[in-house]
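Peer 1: kindly generate the corresponding structure for this input.
(2 chains)
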Amino acid sequence: EAGVTQFPSHSVIEKGQTVTLRCDPISGHDNLYWYRRVMGKEIKFLLHFVKESKQDESGMPNNRFLAERTGGTYSTLKVQPAELEDSGVYFCASSQGYGVGGYTFGSGTRLTVV
Amino acid sequence: KNEVEQSPQNLTAQEGEFITINCSYSVGISALHWLQQHPGGGIVSLFMLSSGKKKHGRLIATINIQEKHSSLHITASHPRDSAVYICAVTGNQFYFGTGTSLTVIP
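Peer 2: Numbering: from 1, shown residues only, chains lettered A, B, ... in the order given. Coordinates of the predicted model:
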């Protein structure tokens, strides 16, 4: 079974540019989550999709971040325009059910904004 | 104050030692997770607990719901166990601890 796949694994962009991160969950997992870890801090929740719907987006830091999950399959997280403080590692995870069953994490996208 | 607190933050052990990492949380939860992240690597889910104790190989995870506390134990530690171990809980949302960086020296 393929795991959760994230693209790209690394991205270096200039301040003000746009970056789009992609997450492919495990096939059949309705729940998809985005998290990020900025330097020296704990991992923070960003948002939670159930199929194509945003179940909880309370962790999204501001309106420069836009997440989509068209068709309830893969998800994208766009940062536009990127700021220096957006640098960090962005993780995606998926699960069949929320709060039960296993969560599978992707290997993360390391974003560096210079 | 973070909803999930881990201790210690950093831990160095000699190969073969018994290791304990602690996690306390302050929110109501449906499950607690122990995660492992190797340097430069992704996150691997080790355990998901809602009560009692689970064992997988040399790893043991326990949880005390009343005390809102969990421990991760590693028996006969090995250098390949060197990683960051993260405690996370799922309640209304997912909360993460800051992680414990473990280094096992041969």
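Peer 1: could you use CA atoms for every contact and neighbour count after this?
Peer 2: Noted.
Peer 1: just the CA trace of stretch B:74-82, in PDB.
Peer 2: Provided in PDB are the C-alpha atoms of stretch B:74-82 (Å, rounded to 0.1, in the frame of the first residue of the first chain):
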ATOM      1  CA  ILE B  74      12.500   1.800  24.800                       C
ATOM      2  CA  THR B  75      14.200  -1.300  26.100                       C
ATOM      3  CA  ALA B  76      17.800  -2.300  25.100                       C
ATOM      4  CA  SER B  77      18.200   1.000  23.200                       C
ATOM      5  CA  HIS B  78      20.200   1.000  20.000                       C
ATOM      6  CA  PRO B  79      21.900   3.700  18.000                       C
ATOM      7  CA  ARG B  80      19.200   3.300  15.300                       C
ATOM      8  CA  ASP B  81      16.600   4.500  17.900                       C
ATOM      9  CA  SER B  82      18.200   7.900  17.700                       C
END
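Peer 1: buried ones in it, by neighbour count?
Peer 2: The neighbour-count check on stretch B:74-82 (16 or more other CA atoms under 10 Å in any protein chain shown) flags B:74, B:77-78, B:81-82 as buried.
Peer 1: contacting residues for the closest residue to chain A within chain B?
Peer 2: Relative to chain A, the nearest point of chain B is residue B:42 (3.4 Å; CA to the nearest CA). Counting by CA atoms under 8 Å, 6 or more residues apart in numbering or on different chains, residue B:42 touches A:105-108.
Peer 1: so what's the residue count around residue A:22?
Peer 2: 22 (other CA atoms under 10 Å in any protein chain shown).
Peer 1: where do the strands sit along chain B?
Peer 2: Assigned by DSSP state E, chain B shows strands spanning B:4-7, B:10-14, B:19-25, B:31-37, B:43-49, B:52-56, B:59-64, B:69-74, B:83-90, B:94-96, B:100-105.
Peer 1: okay, the ones you listed in a markdown table with distance to residue A:18 and mean pLDDT next?
Peer 2: Formatted as a markdown table, these follow (distance: least, CA to CA, whole Å; pLDDT from 0 to 100):
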| stretch | distance to residue A:18 | mean pLDDT |
| --- | --- | --- |
| strand B:4-7 | 33 | 94 |
| strand B:10-14 | 36 | 96 |
| strand B:19-25 | 37 | 97 |
| strand B:31-37 | 28 | 90 |
| strand B:43-49 | 26 | 86 |
| strand B:52-56 | 43 | 93 |
| strand B:59-64 | 42 | 96 |
| strand B:69-74 | 40 | 98 |
| strand B:83-90 | 30 | 92 |
| strand B:94-96 | 27 | 84 |
| strand B:100-105 | 33 | 96 |
